[in-house]
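Engineer: here is a sequence with its predicted model. Questions after.
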Amino acid sequence: MNATTVFALSLPFVGVVLVWYMVEVGSFFSYIKKHDPPLWERLGKPSLITNNSIGNSLRFIRSISAGEFSSSAVYSDIQGRVKRIKVLMYVLPLFFIAASIALIFASI
């Protein structure tokens, strides 16, 4: 099995993980919109589709990476979701890097 075949077979996995990430982030946005409107506004009123800008995404990534949601009791309900979002934020880019390297070496 060559690298191109492995890459093609792994695409459904990436799709599932990407959908999982979007569901987690979408439900997180809904939670903060309902339970912490000032934070939701500070993050730029983020959503998955309608108000999805680079600035909103960067504010969200910075706040998740900084652990802003891990210390507050307000977010105790969604600690698992925050951890899953952090893991998925790192897994997807690493997978694409590994798949790209595999394709480069397969073509040599």
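Structural biologist: Received the coordinates, thanks.

Engineer: excluding chain neighbours, what is closest to A99?
Structural biologist: F7 (5.1 Å; Cβ to Cβ, 6 or more residues apart in numbering). C-beta: built from backbone N, CA, C; applies to glycine.

Engineer: OK, contacts around the one you found?
Structural biologist: 99, 102-103 (Cβ atoms under 8 Å, 6 or more residues apart in numbering).

Engineer: what of L43?
Structural biologist: When the contact criterion is Cβ under 8 Å, 6+ apart, the partners of L43 are 32, 56, 59-60, 63.

Engineer: same thing with I78?
Structural biologist: Counting by Cβ under 8 Å, 6+ apart, I78 touches 28, 31, 69.

Engineer: now with 7 Å, please.
Structural biologist: I78 makes contact with 28, 31 under the criterion Cβ atoms under 7 Å, 6 or more residues apart in numbering.

Engineer: per-residue confidence for it?
Structural biologist: Looking at I78, its pLDDT is 82.

Engineer: cool, V74 as well?
Structural biologist: 68.

Engineer: cool, I32 as well?
Structural biologist: According to the prediction, I32 has pLDDT 89.

Engineer: what about it, neighbour count?
Structural biologist: By other Cβ atoms under 10 Å, the residues close to I32 number 22.

Engineer: for the helix or strand where it lies, buried residues please.
Structural biologist: According to DSSP states H and E, I32 maps onto helix 3-35. By neighbour count on 16 or more other Cβ atoms under 10 Å, the buried set for helix 3-35 is 7, 21, 24-25, 28-29, 31-33.

Engineer: nice, that's everything, thank you.
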